[in-house]
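Asker: Output the structure for:
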Amino acid sequence: MTSTAQASKSGAPAHPDHLGHVIFIAAAAAMGGFLFGYDSSVINGAVEAIRDRYDIGSAALAQVIAIALIGCAIGAATAGRIADRIGRIRCMQISAGLFTISAVGSALPFALWDLALWRVVGGFAIGMASVIGPAYIAEVAPPAYRGRLGSFQQAAIVIGIAISQLVNWGLLNAAGGDQRGKLMGLEAWQVMLGVMVVPAVLYGLLSFAIPESPRFLLSVGKRERAREILAEVEGESADLDARVAEIEHAMKSEHKSTFKDLLGGGFFFMPIVWIGIGLSVFQQFVGINVAFYYSSTLWQSVGVDPTDSFFYSFTTSIINIVGTVIAMIFVDRVGRRPLALVGSVGMVIGLALEAWAFSYDLVDGKLPTAQGWTALIAAHIFVLFFALSWGVVVWVFLGEMFPNRLRAAALGVAASAQWIANWAITASFPSLADWNLSATYIIYTVFAALSIPFVLKFVKETKGKSLEEMG
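Answerer: Okay, the predicted model is just below:
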């Protein structure tokens, strides 16, 4: 970014005339992140009801829960190309429409197979939204506010998780504590999934209230409209001609990285690509999504009352928000590596305590009191340390660590690895838990422990470095 591009005609940094409007634009785009978080967690309230209604085992249940991630991977992989052809806003509207259809279908399934189908459709929608939101915010946000506005996406995800747990808890209470209890003529779990219509429709409506990306408008020759939007978000005092020229120059000179660019070294990919893949895999293999997909089921399996289990899932989500805020405050102050290492140590402690607590036999269908409280507190410790470290830091690393000529393609590979790892953990947990819940948490503890030497040996600090310094 050149100083000219960031400067006003008087030489001062360009600031928007209406900062509140710019914040609204970023928040509206981040609604896609809210949908991501909401959908990821809302299924938590329906797991046991789906198992009971369709009389299925853990393996089949896991596939229905995890299949949405296949849609996410496809949506994320195709979103960029779709957005380049029809625009960022139109892409958001398609995502909102698909998500609305998915919510209705999930609430009114004819059988298990179409419930799985609607989850794939919803997954495709949030996969698109998860890519388009950050890209759009980066392209629209004024340079002076880009980092803070970019953090809206992660904040929206964790808020979406918390709101879904709160709504599930409220609906379960309304249904008398029974996931299959009647609400509005449907079973409670169906209403939980159907409520997703509300944020999906809101996302779609908000997409009509925000402008198209100036970068896309310039790519299709709408120069004047792009200039108007730049004035709207960066202020009339900004040197708009310089900004337009800079964006056009960047678009002409940028190298579109391809899969072939990543090849090299002794193990197919270049070493830096493997490090990105490693960060993605470790982020998921500590079992974080078990806390969001299966937490109510987990607590019920060790004797916690269903209503209380939903409440504990909600408190875990609040801890997730607190940890995310801590990470946002400190990631630029103390650096990425220190946060990752602190988080890994904290996760090891939390997961090890959970493994110890779950190793005890149930007494009258419940864990002994000491072990039960230990498991509950340890679960919150685990989520807190994940949120203040790997939950945010991995995405920061992936956005910064790759050389410019590789960034887009390498980020795509690393993100795909993350979806696959997420699917593997989500699909395997019910069967592993049936086998041995304590051993399952030992496995997650081992991965959390292994992440420490991985960071120390392979991951370099990116704090304070420009993207050009990455090679």
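
Asker: now do the same end-to-end measure for stretch 36-47.
Answerer: 18 Å (C-alpha to C-alpha, to the nearest Å).

Asker: How about stretch 210-222?
Answerer: 17 Å.

Asker: So for that stretch, what gets flagged as buried?
Answerer: I210, P211, E212, S213, P214, R215, F216, L217, L218, S219 (16 or more other C-beta atoms under 10 Å). Heads up, the C-betas are built off the backbone N, CA and C, glycines and all.

Asker: Now, these that are in strands?
Answerer: Assigned to strands by DSSP state E, none of those qualify.

Asker: Take those and write them to a markdown table, including distance to R333 and pLDDT.
Answerer: Formatted as a markdown table, those follow (distance: C-beta to C-beta, whole Å; pLDDT from 0 to 100):
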| residue | distance to R333 | pLDDT |
| --- | --- | --- |
| I210 | 31 | 92 |
| P211 | 33 | 91 |
| E212 | 35 | 91 |
| S213 | 31 | 86 |
| P214 | 31 | 86 |
| R215 | 31 | 84 |
| F216 | 34 | 86 |
| L217 | 36 | 88 |
| L218 | 36 | 86 |
| S219 | 37 | 84 |
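
Asker: nearest to A245, of the residues you listed?
Answerer: L218 (10.1 Å; C-beta to C-beta).

Asker: List the residues that contact the closest residue to the closest one other than its chain neighbours.
Answerer: In this structure, L218 finds its nearest non-sequential neighbour in A226, 4.8 Å apart by C-beta to C-beta, 6 or more residues apart in numbering. Each residue near A226 by C-beta atoms under 8 Å, 6 or more residues apart in numbering is listed here: P214, R215, L217, L218, V244, I247.

Asker: again, only using 7 Å
Answerer: A226 sits next to P214, L217, L218, V244 when contact means C-beta atoms under 7 Å, 6 or more residues apart in numbering.

Asker: Among those residues, which one lies nearest to G264?
Answerer: Checking the contacts of A226 against G264 by C-beta to C-beta gives L218 as the nearest, at 33.5 Å.

Asker: and the gap between the closest one and R148?
Answerer: Separation of L218 from R148 (C-beta to C-beta, to the nearest Å): 25 Å.

Asker: Same question for A28.
Answerer: A28 sits 16 Å away from R148, going by C-beta to C-beta.

Asker: between those two, who's got more neighbours?
Answerer: A28 (22 against 12; other C-beta atoms under 10 Å).

Asker: which element is that one on?
Answerer: Secondary structure assignment for A28, by DSSP states H and E: helix 19-29.

Asker: Report the buried residues of that helix.
Answerer: V22, I23, I25, A26, A27, A28, A29.

Asker: Equivalent analysis for stretch 166-178, please.
Answerer: Along stretch 166-178, these residues count as buried under the neighbour rule (16+ other C-beta under 10 Å): L166, V167, N168, W169, L171, L172, A175.

Asker: So for the last one, what's the nearest residue that isn't a sequence neighbour?
Answerer: The reference is to A175. G181 (3.2 Å).

Asker: what's around the one you found, how many residues?
Answerer: By other C-beta under 10 Å, the residues close to G181 number 16.

Asker: cool, the one 5 residues further on as well?
Answerer: Using other C-beta under 10 Å, L186 is surrounded by 15 other residues.

Asker: That one pairs with what?
Answerer: L183 (DSSP bridges).

Asker: I'd like to know how far it sits from Y38.
Answerer: L186 is 19 Å from Y38, by C-beta to C-beta.

Asker: likewise V233?
Answerer: Distance from V233 to Y38, by C-beta to C-beta: 27 Å.

Asker: Those two: which has the busier surroundings?
Answerer: More crowded of V233 and Y38, by other C-beta under 10 Å: Y38, with 28 against 23.

Asker: Which helix or which strand is home to that one?
Answerer: helix 31-42.

Asker: cool, V393 as well?
Answerer: helix 390-400.

Asker: what's the angle between the very next helix or strand once past that helix and helix 31-42?
Answerer: Note on helix 390-400: by DSSP H and E, the next helix or strand toward the C-terminus is helix 407-458. Relative orientation of helix 407-458 and helix 31-42, computed by axes from the mean of the first three to the mean of the last three C-alpha atoms, to 10 degrees: 60 degrees.

Asker: Under the pLDDT cut-off, which ranges of the stretch 101-250 of the chain? List them.
Answerer: The model of the stretch 101-250 of the chain has pLDDT under 70 over residues 144, 146-147, 236-238.

Asker: for it, what spans make up the helices?
Answerer: 112-140, 146-150, 152-174, 188-194, 197-207, 214-219, 223-234, 240-253 (DSSP state H, counting those that start in this stretch).

Asker: Could you save those as a markdown table and add columns showing distance to S359?
Answerer: Listed next are the helices of the stretch 101-250 of the chain as a markdown table, based on distance: least, C-beta to C-beta, whole Å:
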| stretch | distance to S359 |
| --- | --- |
| helix 112-140 | 33 |
| helix 146-150 | 42 |
| helix 152-174 | 27 |
| helix 188-194 | 31 |
| helix 197-207 | 40 |
| helix 214-219 | 54 |
| helix 223-234 | 55 |
| helix 240-253 | 56 |
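
Asker: Ok, which of these comes nearest F382?
Answerer: helix 152-174 (14.9 Å).

Asker: Tell me how many other residues crowd the residue lying closest to T440 once chain neighbours are set aside.
Answerer: Excluding the flanking residues, the one nearest T440 by C-beta to C-beta, 6+ apart is L432, at 4.3 Å. Look at L432: counted by other C-beta under 10 Å, it has 19 neighbours.

Asker: and the nearest residue to P368 once chain neighbours are set aside, what element?
Answerer: Of all residues not flanking P368 in the chain, Y360 sits nearest, at 5.8 Å (C-beta to C-beta, 6+ apart). Under the criterion DSSP H and E, no helix or strand holds Y360.

Asker: ok so, going back, quick check: angle from the helix holding V393 to helix 112-140?
Answerer: Between helix 390-400 and helix 112-140, the angle comes out at 60 degrees (the same axes, to 10 degrees).

Asker: From the contact counts, what lies against helix 390-400?
Answerer: Applying 3 or more C-beta pairs under 7 Å, 6 or more residues apart in numbering; DSSP states H and E, one finds that helix 390-400 contacts helix 271-285, helix 306-330, helix 336-358.

Asker: Right, I'll leave it there.
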